[in-house]
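Enquirer: need coordinates for the below:
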Amino acid sequence: MKSGKIIMQVAIIEIDNNSQLLAYNNAAKALFPTNLLQLNQKFDFQNVLNLDATFNLTADVDSIIVINSQYFLLQKVSESFKIIFILQPVEYLKRRLSKINIVDSHAFDIFATQSQPMQKLIAQAKAFSLQREPLLITGETGTGKDLLATACHQYSPRGEQTFLGLNCAAMPDDVVESELYGHAAGAYPGALESKKGFFEQANGGSVLLDGIDEMSFQMQTKLLRFINDGYFRRVGDDNEVYVDVRIICATKVDLAELVEQGKFRKDLYYRLNVLSLNLPSLQERQDDIALLTNIFINEFANKQGINAPTVSQDVIAYLTQYSWPGNVRQLKNVLYSALAQLTSSQLTVKDIVLPAITSTQISWINNIENKTLDEMTKQFEKEVLKSLYIDYPSSRKLAKRLGVSHTAIANKLRDYGVGR
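Expert: The predicted structure is shown next:
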């Protein structure tokens, strides 16, 4: 993408006392659609800035708002005949300040929730975040389990306390034990001083155990004891330590199946599975693809300090037809790759390269349990049609490709909702 005019970090918008738009700078122009910034016309600041009904225009109070899934600090300066809105990206401020606390109530605003599955998930997540019991987050690779865990912590009463995460995958037991529980001086060769583990460091807060399915039976036993009473011993120490920590676990596999296979402790599974959240795959939340695309494009432009390109009308339909085995992370990577090579001010289908779908990437294979042969056949047929429709985007072209009648293909596309 060609570098455009460098965007100022601070967006400024001025309105008069009748909410008529007086002026705005280039950063504001890059942040909002041009149709929302019409000089000498009413500026609907409540909706444009995503302000809730409690926002007081006359009060001198700073706010945290979310625009394009990014946090902004909103400051308001009132003068005799005008009001000035000043918006600064929180990420920009965090590079200059040691710490900024995100308002807990906005923790889930970073998620795209146009789809029904995501709306249901976020409602559950908000309710579960307020509890003390362990939280289990499941979902395919790339669905955003770590982001959801962070949001649950921020939204909880522990939101201002420490949040730490440990990836348990492929880590030796002694490393996992030392990281979580800490060790006493002399516990290991060269360990001259004692060390606090994650649980002590996050006392009063939360700890994310990502890849909990990779944890060994020995570590699972220790974790179960800790969850039950909050007590543990540092490695090499006889004294017990008590901490108040909420455990959040994340996994991409079916723990119940691992229990049946004898690869995961049944008692730990039932202890963890009190409050569970399952992140839907991107294929299950296709209504979010348009908003996610907009979010990632603006995020890329903001990081590069350039103007965001416009999006061709057929891009979203093109992206929606892909199966996205890598989910939201893959969508972001594909868009970033396209944007990094973009040489015009518009993103088109020709700029986007989607990986070929191989037999090992067809996600339906992992979702056939308890289904009849007829149900599995229809599911396979739907996936084939969705995959081929990317290269044959009409019922006539697809019918010719598959060697069947146009009417038969048109009916199947309608029944399966492909190509809408």
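Enquirer: sketch out the low-pLDDT regions of the chain for me.
Expert: Under the criterion pLDDT under 70, the flagged ranges of the chain are 1-9, 58-61, 94-104, 357-371, 419-420.
Enquirer: any figure for the gap between the residue most central in space within it and Ala191?
Expert: By C-alpha atoms, centre = their mean, the chain has its centre lying nearest to Gly144, at 4.2 Å. Gly144 sits 36 Å away from Ala191, going by C-beta to C-beta, to the nearest Å. Glycine gets a C-beta too; all of them are placed from N, C-alpha and C.
Enquirer: could you pull up phi and psi at the residue nearest to the centre of the chain?
Expert: Gly144 has phi and psi values of phi 100, psi 40 when expressed as degrees, to the nearest 10.
Enquirer: wait, what's in contact with it?
Expert: Phe111, Leu279, Asn327, Val328, Arg329 (C-beta atoms under 8 Å, 6 or more residues apart in numbering).
Enquirer: ok, Asp62 next?
Expert: Asp62 neighbours (C-beta under 8 Å, 6+ apart): Leu73, Leu74, Gln75, Lys76.
Enquirer: surely the last one forms part of a helix?
Expert: No. The assignment for Lys76 by DSSP: H, G, I helix; E, B strand; the rest coil gives strand, which leaves it out of any helix.
Enquirer: for it, give its distance to Ser19.
Expert: Counting by C-beta to C-beta, the gap from Lys76 to Ser19 is 13 Å.
Enquirer: Ile289: what secondary structure?
Expert: Three-state call for Ile289 (three-state DSSP): helix.
Enquirer: quick one on the thing from earlier: which ones among the contacts of Gly144 lie within strands?
Expert: With strands taken from DSSP state E, the overlap with the contacts of Gly144 comprises Leu279.
Enquirer: I'd like the contacts of Gly144 as CSV, with neighbour count and distance to Leu136 appended.
Expert: Supplementary listing: these in CSV, determined by neighbours: other C-beta atoms under 10 Å; distance: C-beta to C-beta, whole Å:
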residue, neighbour count, distance to Leu136
Phe111, 23, 18
Leu279, 26, 12
Asn327, 23, 19
Val328, 25, 20
Arg329, 15, 21
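Enquirer: including distance to Ser216, could the contacts of Gly144 go into CSV?
Expert: Below are those laid out as CSV (distance: C-beta to C-beta, whole Å):
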residue, distance to Ser216
Phe111, 33
Leu279, 25
Asn327, 28
Val328, 30
Arg329, 27
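Enquirer: which one of the contacts of Gly144 is nearest Asp415?
Expert: Asn327 (25.4 Å; C-beta to C-beta).
Enquirer: I figured the closest one was touching Pro280, is that so?
Expert: No. Look at Asn327 against Pro280 with C-beta atoms under 8 Å: they stay out of range, at 9.1 Å.
Enquirer: okay, and the common contacts of the two?
Expert: Counting by C-beta under 8 Å, 6+ apart, the contacts common to Asn327 and Pro280 are Thr143.
Enquirer: can you name the next helix or strand after the helix or strand harbouring Val207?
Expert: Val207 is part of strand 206-210 when elements are defined by DSSP states H and E. Per DSSP H and E, strand 206-210 leads on to helix 217-229 as the next helix or strand towards the C-terminus.
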